[in-house]
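Take a look and give me a structure for this.
(one chain, ligands or ions: 1)
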Amino acid sequence: MNIIFIAPPSAGKGTQSSLLEKQHGYVHISTGDLLRAEIKRKSEIGKSLEEIISRGELVSDEIITELLKNQLKKISNNKFILDGYPRTKEQAIELSKIFNELGINNYKVLYLDLDEDTALKRALGRVICSNCGATYNQYIEDLMPKEKGICDKCHEQLVSRPDDTEKAMKQRFESYVKFTKPVLKYYETEGVLSIIDASKNAKEVYEEITNIISCE
Ligand code: AMP
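From the prediction side, this is the model:
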């Protein structure tokens, strides 16, 4: 069973994906991570992306869809989690076409529901590893790194994301409400949508997710 996460920023998609990756053998495809990797390696695409992302705006469909398609082709038959795509109705339609092309038909859409205030608090506490991208939270006990400011996995520095500011979060949440929330209707109609209360702690949310995927 493949998983598509739909959620506002900071709802915990990354944290849940990394748990599912470790304990259930999923391949985690995060479109945000793919874009950040392009920025880090200073590719032609990367240069044009940095400002757009730090303002909290959406990147063009052409760029993101191409990156995603390449990634999906690479993982061949592995079960995967899609985190950060689709973010618009157009992307949802595009994804159905890609799935048809690649013969993918077993997936569940998990909506992690979270209010704006909680999302903002989580974003302001989030720190990610500058090397491997692992995510932590300075204010949430079960998501803190063992040593302050240092990644548990590769011992590199933890940094804040440039788009985890109050201003960018406002823009990201607005764009989520305007463009991403309508995607839920699309998947509800297809009968593949489950709703999860993401204000619960990471462990509880994880239990709920594993219950849903093991019922299928
Ligand atoms: P995320 O790591 O999912 O929070 O994504 C970080 C940023 O990458 C977003 O705020 C957008 O600027 C960009 N991004 C990620 N996924 C998409 C997408 N599917 N469509 C457009 N922009 C995206």
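
Show me what residue of this protein gets nearest to the ligand.
Closest approach of the chain to the ligand (C-beta to the nearest ligand atom) occurs at G32, with a separation of 1.9 Å. To be clear about C-beta, it is placed using only N, CA and C from the backbone, and glycine gets the same treatment.

Give me the mean pLDDT for the top strand by length along the chain.
When the chain is parsed with DSSP state E, its longest strand is strand 107-113. Averaged over strand 107-113, pLDDT sits at 97.

Helix, strand, or coil at the residue of the chain positioned farthest from its centre?
Centroid-distance maximum for the chain: E147 at 25.0 Å, with C-alpha atoms, centre = their mean. Secondary structure, DSSP: H, G, I helix; E, B strand; the rest coil: E147 is coil.

pLDDT at K47, what is it?
86.

Can you say which helix or strand has it in it?
helix 44-54 (DSSP states H and E).

that older thread, pairing partners for the longest strand of the chain, with directions?
Partner strands and pairing direction for strand 107-113 (DSSP bridges) are strand 2-6 (parallel), strand 193-197 (parallel).

Show the end-to-end separation of stretch 131-139, please.
21 Å (C-alpha to C-alpha, to the nearest Å).

Please spell out which residues along the lowest-mean-pLDDT helix or strand in the chain are buried.
Counting by mean pLDDT, DSSP states H and E, the chain has its least confident helix or strand at helix 44-54, which shows a mean of 90. Within helix 44-54, the residues that qualify as buried are 49, 53-54, counting by 16 or more other C-beta atoms under 10 Å.

so which of those comes closest to F179?
Nearest to F179 among the buried residues of helix 44-54: I53, at 15.4 Å, using C-beta to C-beta.

list the contacts for the closest one?
Listed by C-beta atoms under 8 Å, 6 or more residues apart in numbering, the contact set of I53 reads 32, 35-36, 39, 59, 162-163.

Just the buried ones from these?
32, 35-36, 39, 59, 163.

Would you mind listing what in this structure touches the ligand?
9, 30-32, 35, 52-53, 56-59, 64, 84-85, 87, 91, 163, 172 (C-beta under 6 Å from any ligand atom).

just to revisit the earlier point, just the strands paired with strand 107-113: most buried one?
Highest mean neighbour count of these: strand 2-6, a mean of 24 (counted as mean count of other C-beta atoms under 10 Å).

average pLDDT across it?
In this model, strand 2-6 carries a mean pLDDT of 97.

State the phi and psi torsions of the residue nearest the centre of the chain.
Nearest residue to the geometric centre of the chain (C-alpha atoms, centre = their mean): D83, 3.3 Å. Main-chain torsions, D83, degrees, to the nearest 10: phi -120, psi 110.
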